[in-house]
Structures are given as structure tokens and as C-alpha cells.
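Participant: Sequence unavailable; structure follows:
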């Protein structure tokens with residue numbers, strides 16, 4: 001033991017001076033001269049190995065990204081596998097791959113770049129645009145992208161607190177329940193084709209006081225040709241007087257070409273206007289958001305109001321969420337529904353998570369639908 005202690009001390013000094021390659025060579029020489037046994041040499045190397053050295057398995061994801069990515073081309077994406085139980089559906093249990101998005105983006109130089117987002121589960125291009133960023137105050141996009149309307153519409157599904165978007169947003173922001181779907185039969189995901197300018201102004205300590213987005217869009221939905229000779233306009237303004245708290249409003253003025261009843265009503269171009277008031281608070285553990293929306297679809301007045309909260313039980317690991325959403329699809333007849341949602345998210349690796357949601361929907365008599373209980377479980381992988 002004394003011999004081992006003295007040799008270990010000498011070797012530690014030499015290791016500090018010459019590094020790991022020299023360490024291995026010196027130990028091998030000592031073994032060859034029978035000063036040390038191979039077992040003693042292995043023990044010394046193990047004891048003096050840096051504890052902060054990362055395991056090879058932890059480096060694999062980074063090595064893969066480096067192999068496929070460069071400043072000009074970056075690949076990524078995410079996949080969602082969802083289970084749904086509904087007590088009012090004919091098929092009560094359903095498990096299916098909801099979507100598989102593959103993204104590609106990059107920079108041609110310091111301020112010119114591009115983005116492509118493609119869904120392999122239901123093959124379709126969702127985003128395709130070029131972007132010019134001369135400064136933080138101006139980001140100019142041309143192509144197919146998110147429309148600057150409401151705060152929630154700007155969120156990726158990987159960032160959303162719940163499995164699905166709020167019904168009010170889905171019905172009034174170019175998603176599954178919006179009349180825009182009547183034009184092309186698609187969930188347009190809050191996206192359209194056009195040109196958009198956005199940016200942030202007046203920098204404070206750690207945040208921006210003013211954010212804006214303004215654009216002109218085709219109004220036809222994603223990957224769809226123009227339906228009429230009109231263009232749509234959308235704009236959003238957000239103020240952040242204190243760090244973490246934002247509020248503001250957004251508007252959308254446009255039209256959509258569709259028919260409500262194929263048997264008795266011809267295809268026609270209808271007004272499709274919206275406005276919204278939004279507020280959001282983001283703290284270290286607590287998050288809250290609320291938005292009030294109004295819409296006009298061909299003379300049918302619509303209204304939505306929701307509030308959602310989230311609390312991080314274990315930051316970056318476990319959170320719980322709750323949401324209440326009121327939506328009136330026809331204010332003249334008061335066709336109303338209120339959705340009550342509770343849920344939890346467990347992150348097992350960075351943005352990869354398992355989500356569990358329960359939603360109770362309370363419909364008015366004018367809606368002509370049964371009250372429902374729905375459970376969602378979703379597996380999310382981001383790569």
C-alpha cells in the first residue's frame with residue numbers, strides 16, 4: 001500500500017503536467033518494468049479520471065446533430081402520438097400518430113435565412129418562407145407562416161400547455177374549426193401565405209417593451225391557391241411594461257370563399273373579420289394567459305373568452321395546468337359551449353414529454369351537441 005501511495009502521488013504530478021496521453025504512456029512503461037502490476041495501473045487511472053467528464057452516451061445526440069447540421073442547413077422536428085377516449089364518440093378509444101413534423105432551416109448569411117416545415121403523417125407543407133433580419137426591430141418574412149393574430153396562435157404544439165389548442169383559438173385563428181377550413185378541407189394551423197413584418201422595440205433590462213407584427217395574406221389557407229381577388233390584413237401589438245407581463249391586441253380583416261350548405265347555398269365569398277385582446281404573465285414557476293376574441297363570418301357574430309394557468313411543480317420536469325374556455329359560435333342564437341380542462345406534463349428529456357388531459361364540455365341547447373367527457377394522453381418527441 002505504501003508503494004502504491006507513493007507511485008500514485010508521483011503519477012498525479014506527472015499527469016497534471018503532461019495530460020492524459022502522457023499518463024497512459026508512463027503507466028504502460030511502469031507496467032513493462034514491473035514497477036506496477038496492470039491492476040494497479042488501472043486503479044490509478046480510474047481514480048484520477050476527471051469526475052466531470054461526460055459519458056459517451058450523453059454525447060451521442062450532440063454528435064448526431066453535428067454530423068447532419070451546418071450554419072446553412074439545420075434539420076429537426078417533432079412527433080406526436082395521441083390516445084383519445086370520448087364517452088360520446090362511436091369509437092370511444094383511439095390511438096394514432098397525430099403528426100410527424102420534419103423541419104429544415106438555415107442562414108445564407110448573417111441576416112438572410114429560410115424555414116421549411118413538412119408533415120409526414122399527413123403529407124403537407126405547413127411552413128415555407130424566407131426571412132430577412134437586418135435588426136431586432138425588423139424581421140421580414142415572405143412565404144407560408146404563422147399569422148400575427150393572438151398570443152396562443154404563435155405557439156408551437158410542443159410549447160402548448162394542453163394537447164389541443166383552445167376552442168376559441170381553433171375557431172377564430174385559421175385552425176380546425178375556423179371557416180377557412182371550408183375552403184380547402186384542412187386544419188390550417190393558424191398559418192397562411194403572405195408577407196409579414198415583425199420585431200421588437202425599446203429594449204429594457206432583460207426584455208423588450210414593445211413587440212409588433214403586421215402582414216398581408218392570401219386568405220386561402222396553407223398550400224392552397226387563391227380563392228378570390230381579395231387580400232387579408234392582420235396585425236398584432238404587445239406591450240411589456242414589466243418583465244414577464246405582456247398585454248395587447250390583434251386584428252384580422254379578410255374574407256373566405258365557401259358554402260354553408262352545398263345543397264341549397266352556392267359557393268360565395270363571405271366576410272371573415274376578427275379582433276382580440278390578450279394578456280400573459282410568465283414567472284419562474286407560474287404562468288397565466290387570457291384572451292378575448294370576436295369574429296364575424298358572413299354576418300354570423302362569434303365570441304370566445306378563455307383563461308389558462310400553469311404551475312411548475314418541478315421546474316423543467318413536471319407541471320400542472322388548468323383551462324376554462326367559453327365559445328359562442330352564433331351570438332344571435334346563443335349557441336354556447338364551455339370547456340373545462342385539467343392536465344399535467346412530464347418532461348423526460350428536454351422538450352420531450354408525456355401529456356395527460358381531461359376535458360369536460362358543457363353545451364347549450366342551441367349547440368345541438370351532448371355534454372362530453374374526453375381524456376387525452378400524448379407522447380411528444382422533439383429532435
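Facilitator: Yep, it's here. Computed from a predicted structure; not experimentally measured.

Participant: hang on, residue 237 packs against residue 249?
Facilitator: Yes. With contact defined as CB atoms under 8 Å, residue 237 reaches residue 249; the gap is 6.3 Å. Every C-beta, even on glycine, is put in place using the N, C-alpha and C of the backbone.

Participant: could you pull out the strands for the stretch 151-300 of the chain?
Facilitator: Taking DSSP state E, counting those that start in this stretch as the criterion, the stretch 151-300 of the chain carries its strands at 191-203, 208-217, 232-242, 245-258, 268-282, 286-297, 300-314.

Participant: can you redo the ones you listed as JSON lines with distance to residue 85, mean pLDDT and mean neighbour count?
Facilitator: Putting the strands of the stretch 151-300 of the chain into JSON lines (distance: least, CB to CB, whole Å; pLDDT from 0 to 100; neighbours: other CB atoms under 10 Å) gives the following:
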{"stretch": "strand 191-203", "distance to residue 85": "29", "mean pLDDT": "96", "mean neighbour count": "19"}
{"stretch": "strand 208-217", "distance to residue 85": "37", "mean pLDDT": "97", "mean neighbour count": "18"}
{"stretch": "strand 232-242", "distance to residue 85": "36", "mean pLDDT": "97", "mean neighbour count": "18"}
{"stretch": "strand 245-258", "distance to residue 85": "32", "mean pLDDT": "97", "mean neighbour count": "20"}
{"stretch": "strand 268-282", "distance to residue 85": "31", "mean pLDDT": "97", "mean neighbour count": "18"}
{"stretch": "strand 286-297", "distance to residue 85": "27", "mean pLDDT": "98", "mean neighbour count": "20"}
{"stretch": "strand 300-314", "distance to residue 85": "22", "mean pLDDT": "98", "mean neighbour count": "17"}
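
Participant: Now tabulate those strands in JSON lines and tack on distance to residue 347.
Facilitator: JSON lines is the format used below for the strands of the stretch 151-300 of the chain (distance: least, CB to CB, whole Å):
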{"stretch": "strand 191-203", "distance to residue 347": "26"}
{"stretch": "strand 208-217", "distance to residue 347": "27"}
{"stretch": "strand 232-242", "distance to residue 347": "26"}
{"stretch": "strand 245-258", "distance to residue 347": "24"}
{"stretch": "strand 268-282", "distance to residue 347": "17"}
{"stretch": "strand 286-297", "distance to residue 347": "15"}
{"stretch": "strand 300-314", "distance to residue 347": "9"}
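
Participant: Quick one: closest of those to residue 171.
Facilitator: strand 300-314 (6.6 Å; CB to CB).
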